[in-house]
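Participant: could you look at this predicted model? Sequence included:
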Amino acid sequence: MRRPEQVDQTTPASARDAVRELEKRLLGADRTMKRREVAAAAGVSILSARKIWRALGFPNLGDEEVFFTEVDQGALELMLGMVRAGTLTEETAISLTRSIGQMTDRMVVWQVEALVEDMVQNQKMSDPEARRNLVGLLPELITPIEELLVYSWRRQLNAAVHRLALRAETGLAASEEGRDGSEDDVSLPLARAVGFADLVSYTSLSRRMNERTLAQLVQRFESKCAEIISVGGGRLVKTIGDEVLFVAETPQAGAQIALAMSREFAADELLPNTRVSLVWGRILSRLGDIYGPTVNLAARLTALAEPGTVLIDEQTASTLVGDDRFVLHPQETTAVRGFGDINPVILAPGAGTGLVLD
């Protein structure tokens, strides 16, 4: 997040007025307050205020820098007000704020690059020219994108509420093997199907491609993965270059997604094959990511899978036995680092059409 004086120094003189007008619209007011002034006006200590600002991704500021607006004061009062009221602990308030700061930062970078790419590709602008012209285009996009953001957040929260109420019964016994006690006492509370998919030979491909072609390949891979996961009712956890991590509520749903990925990428002439893995087990969900041995095993199985195949473990396979939509091909026992000997199983499509993409 740039300070206003940095923008002035790096922006051509002809565009400074447009940048200032855009800033006023985005921030909702002029910058008139220093950090101690806004903290005092909000009735909080500078220490508490800095915790919120750092969670949002604000830069380090000196006492004399005029950086804040009255809108910033209202945001500070809003978040810390919930702490004062006892609705949230300070730690939880900071965690929620960090989730917003990190996700919106990534979202804005993604959106800016998508718009620049569009101008370069379809309007034949140079990259610097496209970035300059974007300042003039953004005022038309702010309101619709903002409304879409709120709409999407509400839909995603509603979906999360439904997931909270859903207990994946199918395959639950398999995830509880070797554990005594009730489901409520388990240290990893969520039973989920965890899947990985990665592009084969990505490293060698990336060395032979220019930046734009490589970016298009990665975007196509991520977009197709996101579509398949969405259609299958799963959730895309994260993408890491040539790799995608996803979860599903049941082993059957996860298996359908994994098979669809393998099928779709094998048929795509512009993308290499994928290796896909799936493991049903328990996980811990924190900070938008997932953790636990189930995730680690899924990652290990991806490395073992042959191109164009889906590899699962024996326990996951046991939850799919008797379902004619899936064919299971047991493989030789294999030593897996951190897990000892496991019995991998190749998952193949059986009866039915599998996931149908529009």
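Facilitator: Cool, got the structure.
Participant: for the stretch 101-250 of the chain, just list every one of the strands.
Facilitator: 190-199, 235-240, 243-248 (DSSP state E, counting those that start in this stretch).
Participant: I'd like to know which elements the last one is packed against.
Facilitator: Judged by 3 or more CB pairs under 8 Å, 6 or more residues apart in numbering; DSSP states H and E, strand 243-248 is in contact with strand 190-199, helix 211-231, strand 235-240, helix 251-267. (C-beta placed from N, C-alpha, C; glycine too.)
Participant: next, the angle from that strand to helix 211-231.
Facilitator: Orientation of strand 243-248 against helix 211-231 (axes from the mean of the first three to the mean of the last three CA atoms, to 10 degrees) gives an angle of 10 degrees.
Participant: could you list the paired strands of strand 243-248 along with their orientation?
Facilitator: Strand pairing for strand 243-248, using DSSP bridges, gives strand 190-199 (antiparallel), strand 235-240 (antiparallel).
Participant: between the strands of the stretch 101-250 of the chain, which gets nearest to residue 159?
Facilitator: Across the strands of the stretch 101-250 of the chain, residue 159 has its closest neighbour in strand 235-240 (8.5 Å, CB to CB).
Participant: what residues sit buried inside that closest one?
Facilitator: Across strand 235-240, burial judged by 16 or more other CB atoms under 10 Å covers 235-237, 239.
Participant: output stretch 194-211 as PDB, nothing but the C-alphas.
Facilitator: What follows is stretch 194-211, C-alpha atoms only, in PDB (Å, rounded to 0.1, in the frame of the first residue of the first chain):
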ATOM      1  CA  VAL A 194      -8.200 -33.800   0.600                       C
ATOM      2  CA  GLY A 195      -7.000 -33.700  -3.000                       C
ATOM      3  CA  PHE A 196      -3.900 -32.400  -4.800                       C
ATOM      4  CA  ALA A 197      -3.500 -31.900  -8.600                       C
ATOM      5  CA  ASP A 198      -0.300 -30.800 -10.200                       C
ATOM      6  CA  LEU A 199       0.900 -30.400 -13.800                       C
ATOM      7  CA  VAL A 200       3.400 -32.900 -15.100                       C
ATOM      8  CA  SER A 201       6.800 -31.500 -16.400                       C
ATOM      9  CA  TYR A 202       5.900 -28.000 -15.300                       C
ATOM     10  CA  THR A 203       9.500 -27.100 -14.400                       C
ATOM     11  CA  SER A 204      10.800 -28.000 -17.800                       C
ATOM     12  CA  LEU A 205       7.900 -26.400 -19.600                       C
ATOM     13  CA  SER A 206       8.500 -23.100 -17.700                       C
ATOM     14  CA  ARG A 207      12.100 -23.000 -18.900                       C
ATOM     15  CA  ARG A 208      11.000 -23.100 -22.500                       C
ATOM     16  CA  MET A 209       8.100 -20.600 -22.300                       C
ATOM     17  CA  ASN A 210       8.200 -16.800 -22.200                       C
ATOM     18  CA  GLU A 211       6.500 -15.100 -19.300                       C
END
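Participant: for the strand ranked longest in the chain, packing partners?
Facilitator: The residue-count maximum for a strand in the chain (DSSP state E) belongs to strand 274-286. Contacting strand 274-286 under the criterion 3+ CB pairs under 8 Å, 6+ apart are the following elements: helix 172-175, strand 190-199, helix 251-267, strand 289-291, helix 293-304, strand 310-312, helix 314-320.
Participant: redo that, cut-off 6 Å
Facilitator: Applying 3 or more CB pairs under 6 Å, 6 or more residues apart in numbering; DSSP states H and E, we find strand 274-286 packed against strand 190-199, helix 251-267, helix 293-304, strand 310-312, helix 314-320.
Participant: can you list the strands of the stretch 101-250 of the chain in a markdown table and add mean pLDDT and distance to residue 228?
Facilitator: As requested, those are exported to a markdown table (pLDDT from 0 to 100; distance: least, CB to CB, whole Å):
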| stretch | mean pLDDT | distance to residue 228 |
| --- | --- | --- |
| strand 190-199 | 92 | 9 |
| strand 235-240 | 89 | 10 |
| strand 243-248 | 93 | 9 |
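Participant: could you dump the ones you listed into JSON lines with distance to residue 286 added?
Facilitator: Listed next are those as JSON lines, based on distance: least, CB to CB, whole Å:
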{"stretch": "strand 190-199", "distance to residue 286": "11"}
{"stretch": "strand 235-240", "distance to residue 286": "12"}
{"stretch": "strand 243-248", "distance to residue 286": "13"}
